[in-house]
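In: Quick one, fold the following:
(one chain, ligands or ions: 1)
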Amino acid sequence: MAIGTGLTEYLESWAGGDAVRKAVAEAVFALAEAGIELAGVCGQGAINPDQGAIVGNNSGGDAQKALDVRSHEIVVAALRRRGVGMVASEEADEAEVLTPGGLVAVATDPLDGSSNIDTNVSVGTIFSILPVEGEASPFLVPGSRQLAAGFVVYGPHTDIVLTLGEGTDIFTLDRSNGAFVLVAEKVSIAPETAEYAVNASNYRHWAAGLRNYVDDCLAGKDGPLEKNYNMRWVGSLVADASRILSRGGVFLYPGDARKGYTHGRLRILYEANPVAMVIEQCGGKATDGTQRILDIDVTELHQRTGLVFGAASEVERIGLYIANPERRGEDSPLFGSRGLFMS
Ligand code: AFP
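Out: Next up is the predicted model:
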């Protein structure tokens with residue numbers, strides 16, 4: 001598809017007459033419609049002072065803001081309008097049937113990053129599109145079963161990052177006419193990087209291997225990794241993921257020793273799986289620290305997982321650090337004289 005192609009033409013051309021592809025396209029249209037509405041709602045900021053108000057806790061015990069609830073309502077209403085069969089949302093304890101007989105189900109974090117909403121940081125709607133097949137839950141399957149995935153980013157520009165399993169493409173909302181247009185196709189992430197994203201305030205809670213990796217990044221050119229690293233941490237998954245799509249890097253949020261964080265903070269169904277599909281379609285990798293995210297069995301809707309994703313070689317490097325906590329760069333028997341990989 002040519003740069004500048006509209007989302008409607010792009011999806012209709014891809015779907016053709018195939019019933020399942022048409023159902024996937026309808027789900028993406030719903031998320032685009034909800035995204036345009038949410039871009040406006042988020043864009044109101046403090047003009048709607050109650051947006052940031054805590055109104056309760058979601059299923060995982062996370063504080064729930066008024067805007068989280070509103071975002072959930074907007075996304076679910078759009079999915080129902082477009083004939084999506086079922087929805088599972090971070091903001092609802094249980095999955096919900098929307099359209100009996102619908103061919104696809106959508107798992108979503110309607111507004112990821114909302115704890116930042118008062119600070120005007122980019123936030124987003126993350127989505128995973130799965131097949132509805134028979135009576136079994138469409139959600140309790142490994143992420144490799146996804147038909148499509150992506151996220152809408154509400155930032156200086158409103159983007160849809162989308163993969164249909166044939167690469168990852170990016171659309172931007174043209175505010176002059178309210179249409180999403182293709183601005184980047186078949187995005188690729190370089191296998192090497194010198195930029196990592198982690199919440200370093202959790203250092204004391206990390207396992208030894210992760211501490212070793214970050215220590216070696218901080219050691220820079222004179223350390224085992226023999227290069228100077230830069231660090232970023234937005235605290236909004238879609239913002240960090242957008243940066244990695246744009247200029248490479250890795251994101252790390254493995255499990256740690258804090259209560260409730262043994263299996264990480266992020267949810268596999270509607271955060272890690274969709275991001276992992278997007279990243280793998282760019283030639284990157286996504287693991288829980290050591291295991292491929294898309295291979296992990298999903299047994300609960302709000303199941304948590306560690307998440308490391310981005311530049312393929314760096315994700316592999318991190319996996320070796322985590323699996324071999326006794327290693328320290330080039331003095332480990334696992335690694336050649338030039339650090340992790342023989343030159
Ligand atoms: P909120 O949706 O509660 O803001 O959480 C955002 C998030 O799930 C993800 O978007 C960030 O990468 C991560 O949490 C940030 O976690 P920390 O606040 O522990 O750094």
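In: can you count the residues close to the residue in the stretch 201-343 of the chain that the ligand sits nearest to?
Out: Using Cβ to the nearest ligand atom, residue 237 is the residue of the stretch 201-343 of the chain that sits closest to the ligand, at 3.3 Å. For glycine as for every other residue, the C-beta is placed from the backbone atoms N, C-alpha and C. If you count neighbours by other Cβ atoms under 10 Å, residue 237 ends up with 25.
In: separation between it and residue 270?
Out: 11 Å (Cβ to Cβ, to the nearest Å).
In: and for these two, which residues touch both?
Out: Common contacts of residue 237 and residue 270, defined by Cβ atoms under 8 Å, 6 or more residues apart in numbering, comprise residue 126.
In: Give me the three-state assignment for the residue of the stretch 1-150 of the chain found nearest the ligand.
Out: As assessed by Cβ to the nearest ligand atom, the ligand sits closest to residue 115 within the stretch 1-150 of the chain, at 3.2 Å. Secondary structure for residue 115, judged by DSSP: H, G, I helix; E, B strand; the rest coil, is helix.
In: residues contacting the residue of the stretch 201-343 of the chain closest to the ligand?
Out: Contacts of residue 237 (Cβ under 8 Å, 6+ apart): 112, 113, 124, 126, 251, 266, 271, 275.
In: what does the stretch 101-250 of the chain have sitting close to the ligand?
Out: For the stretch 101-250 of the chain, the residues in contact with the ligand (Cβ under 6 Å from any ligand atom) are 112, 113, 114, 115, 116, 199, 235, 236, 237.
In: where does the last one fall, phi/psi-wise?
Out: It refers to residue 237. Main-chain dihedrals, residue 237, degrees, to the nearest 10: phi -50, psi -40.
In: Check the gap between it and residue 114 for me.
Out: Applying Cβ to Cβ to residue 237 and residue 114 gives a distance of 11 Å.
In: likewise residue 285?
Out: For residue 285 relative to residue 114 (Cβ to Cβ), the value is 28 Å.
In: Without its sequence neighbours, what residue ends up closest to residue 143?
Out: Nearest non-adjacent residue to residue 143, counting by Cβ to Cβ, 6 or more residues apart in numbering: residue 273, 3.3 Å away.
In: Confirm that the one you found sits in a strand.
Out: No. Under three-state DSSP, residue 273 sits outside any strand and is assigned helix.
In: and it, how many neighbours?
Out: Residue 273 has 30 nearby residues by other Cβ under 10 Å.
In: okay but it is in contact with residue 148, surely?
Out: No. Under the criterion of Cβ atoms under 8 Å, residue 273 is not in contact with residue 148, lying 11.5 Å apart.
In: shared neighbours, those two?
Out: Common neighbours of residue 273 and residue 148 (Cβ under 8 Å, 6+ apart) do not exist.
In: mind listing what the nearest residue to residue 97 once chain neighbours are set aside touches?
Out: Spatially, and ignoring its direct neighbours in sequence, residue 97 is nearest to residue 86 (5.5 Å; Cβ to Cβ, 6+ apart). Residues in contact with residue 86 (Cβ under 8 Å, 6+ apart) are 95, 96, 97, 98, 102, 105, 106, 132, 138, 139.
In: Just the helices from this protein, written as ranges.
Out: Ranges of helices in the chain, per DSSP state H, are 7-15, 19-43, 66-81, 208-219, 237-247, 273-280, 312-323.
In: now, of those helices, which is deepest in the fold?
Out: Ranked by mean neighbour count under mean count of other Cβ atoms under 10 Å, those are led by helix 273-280, which reaches a mean of 28.
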